[in-house]
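> need a 3D model of the following:
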Amino acid sequence: MGYLFRGEWRMSAVLEELASVAGRPSQATIGGFEDFVDRGSFRFAVPITGEVTLKVYDIAGSEIATLLEECLSAGWYNVTWDPAGEVSGDYWICLLGKNFVASKKFKLV
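From the prediction side, this is the model:
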């Protein structure tokens, strides 16, 4: 007789902390920025080695900029975006990899 698992598999907090300490993030994340005026620096985590795309979209879903499109090793990275010519408002930054997706809303003032 088999067992049916209904739920979500989660890495324990201890394993997540160990992965993070070792420099290899346990999940895809975007952070390290506040609302910005001239230029912004985004910090993001890539949990597994592979092709990664980092793009900025306006609130209507139109692609504004591709900040990164390359193969990256698992780890933490920073990228700077200069939004010259873009209007103030809400934007999304989206991180896409083979087995992960992360996005975050931010404001350009």
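> return the set of buried residues in stretch 84-91.
Within stretch 84-91, the residues that count as buried by 16 or more other CB atoms under 10 Å are Y91. In short, each C-beta sits where N, CA and C put it, glycine included.
> for burial, what's the neighbour tally of A74?
Using other CB atoms under 10 Å, the number of residues around A74 comes to 17.
> so it is in contact with P47, correct?
Yes - under the criterion of CB atoms under 8 Å, A74 makes contact with P47 at 5.9 Å.
> can you show me the strands along the chain?
Listed from the start of the chain, the chain has strands (DSSP state E) covering 29-31, 40-46, 50-58, 63-72, 75-81, 89-97, 101-108.
> just send those strands back as TSV, with mean pLDDT too.
Written out in TSV, the entries for those read as follows (pLDDT from 0 to 100):
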stretch	mean pLDDT
strand 29-31	72
strand 40-46	84
strand 50-58	93
strand 63-72	94
strand 75-81	88
strand 89-97	90
strand 101-108	87
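> highest mean neighbour count out of these?
Per residue and on average, the most neighbours among the strands of the chain fall to strand 40-46, with a mean of 19 (mean count of other CB atoms under 10 Å).
> next, the angle strand 50-58 makes with that one.
Using axes from the mean of the first three to the mean of the last three CA atoms, to 10 degrees, one finds that strand 40-46 and strand 50-58 are set 140 degrees apart in direction.
> same for strand 40-46, what does it pack against?
Counting contacts by 3 or more CB pairs under 8 Å, 6 or more residues apart in numbering; DSSP states H and E, the secondary-structure elements packed against strand 40-46 are strand 29-31, strand 50-58, strand 75-81, strand 89-97, strand 101-108.
> the third one pairs with which strands, and in what direction?
Strands adjacent to strand 75-81 in the sheet, as given by DSSP bridges, are strand 40-46 (antiparallel).
> just the residues contacting the partner strand, thanks.
The contact list for strand 40-46, computed with CB atoms under 8 Å, 6 or more residues apart in numbering, reads 25, 27-33, 52, 54, 67, 72-81, 83, 93, 95, 97, 100, 102, 106, 108.
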